[in-house]
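1. Following is a predicted model, sequence given first.
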Amino acid sequence: MAGRRGISAMAQKQLLVLVDLDGVMADFDGHFLTKWKQTYPEEPFIALEDRKTFYLVDQYETLKEGLKPKIKSVYQSKGFFRELPPIAGACDALKEMNEMEGVKVFICSSPLFFYKYSSTEKFAWVEHYLGADWINRTILTRDKTIVNGHILIDDNVKIKGAVDCPSWEHVVFTAHYNKHMNLRGKKRLDNWTDGSWRDLIMDFKKRL
Ligand SMILES: Cc1cn([C@H]2C[C@H](OP(=O)(O)O)[C@@H](CO)O2)c(=O)[nH]c1=O
Ligand SMILES: [Mg+2]
């Protein structure tokens, strides 16, 4: 019994970090722009520095009405999610984070409502860039609020779902479209390359 208690006490000390894919590990916006220009060169586009909304369609529709079906045809196409380029430093940071004592990292990502390619391709992306082991640590859900963890690193400033007060604290990963948004007190992680993610994780670990 004492042994059991010991194990559960140790388990409680594990910091559970949930990390989003698109906009945090994989460059959804950048890849969309490349594909958009290739597929619809006659249509207007928005430079990455000028992006202002989380959902592409919300800003593109202000440029020209009726672009929605074309926009969807790009990110719903076969191969789009599998071909997303990794964000600089993300994969190395995640592997290192998962090796830190008392830290367990999980991928927590939403497939599109049109799940046909995005759900399988997200797993394929993880396997390719992080390794097959990470399939065991990949959670695909349309509702991140029901997932248990201490931190969720996610580029979407407004994460909504069935649970009003999720177990995790939301750390916003900086993206062009959210850099001017009011985070209402939430922490930010700006990139994976300047090492600040290590301080963030150590900070959360201290508070366990
Ligand atoms: C439609 C759309 C989806 N996405 C991403 C967010 C979700 O992935 P993730 O949870 O990995 O960030 C996924 C489904 O909506 O596609 C964008 O980032 N921008 C968009 O405009
Ligand atoms: Mg995202």
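-> Cool, got the structure. What you see is a predicted model; the values in this text were computed from it and never measured. Numbering: from 1, shown residues only. Ligands and ions are numbered 1, 2, ... in the order given.
2. average pLDDT across the longest helix anywhere in the chain?
-> For the chain, the longest helix by residue count, based on DSSP state H, is helix 115-129. Here helix 115-129 scores 98 as its mean pLDDT.
3. ditto for stretch 14-34
-> The model assigns stretch 14-34 a mean pLDDT of 98.
4. shouldn't Phe32 be in contact with Val57?
-> No - using CB atoms under 8 Å, Phe32 makes no contact with Val57, being 10.5 Å away. Any C-beta I mention is one placed from the backbone N, CA and C, and that applies to glycine too.
5. now for the helix or strand containing Phe32, which elements pack on it?
-> In this structure, Phe32 is located in helix 28-39 according to DSSP states H and E. Applying 3 or more CB pairs under 8 Å, 6 or more residues apart in numbering; DSSP states H and E, one finds that helix 28-39 contacts helix 68-75.
6. can you give me the offset of the helix it packs on from its chain's centre?
-> 21 Å (CA atoms, centre = their mean, to the nearest Å).
7. re the thing from before, near ligand 2 at all, the helix holding Phe32?
-> No - shown here: helix 28-39 not in contact with ligand 2 (CB under 5 Å from the ion), separated by at least 6.9 Å.
8. try stretch 81-93
-> No - judged by CB under 5 Å from the ion, stretch 81-93 makes no contact with ligand 2; its nearest approach is 10.6 Å.
9. any idea of the mean pLDDT for that stretch?
-> 98.
10. which of the residues in that stretch are buried?
-> 81-82, 84, 86-87, 90-91, 93 (16 or more other CB atoms under 10 Å).
11. First-to-last residue distance for that stretch?
-> End-to-end span of stretch 81-93 (CA to CA, to the nearest Å): 21 Å.
12. what's next to that stretch, contact-wise?
-> 22, 24-28, 30-31, 75, 117-118, 121-122, 124-125, 128-130, 191-193, 197 (CB atoms under 8 Å, 6 or more residues apart in numbering).
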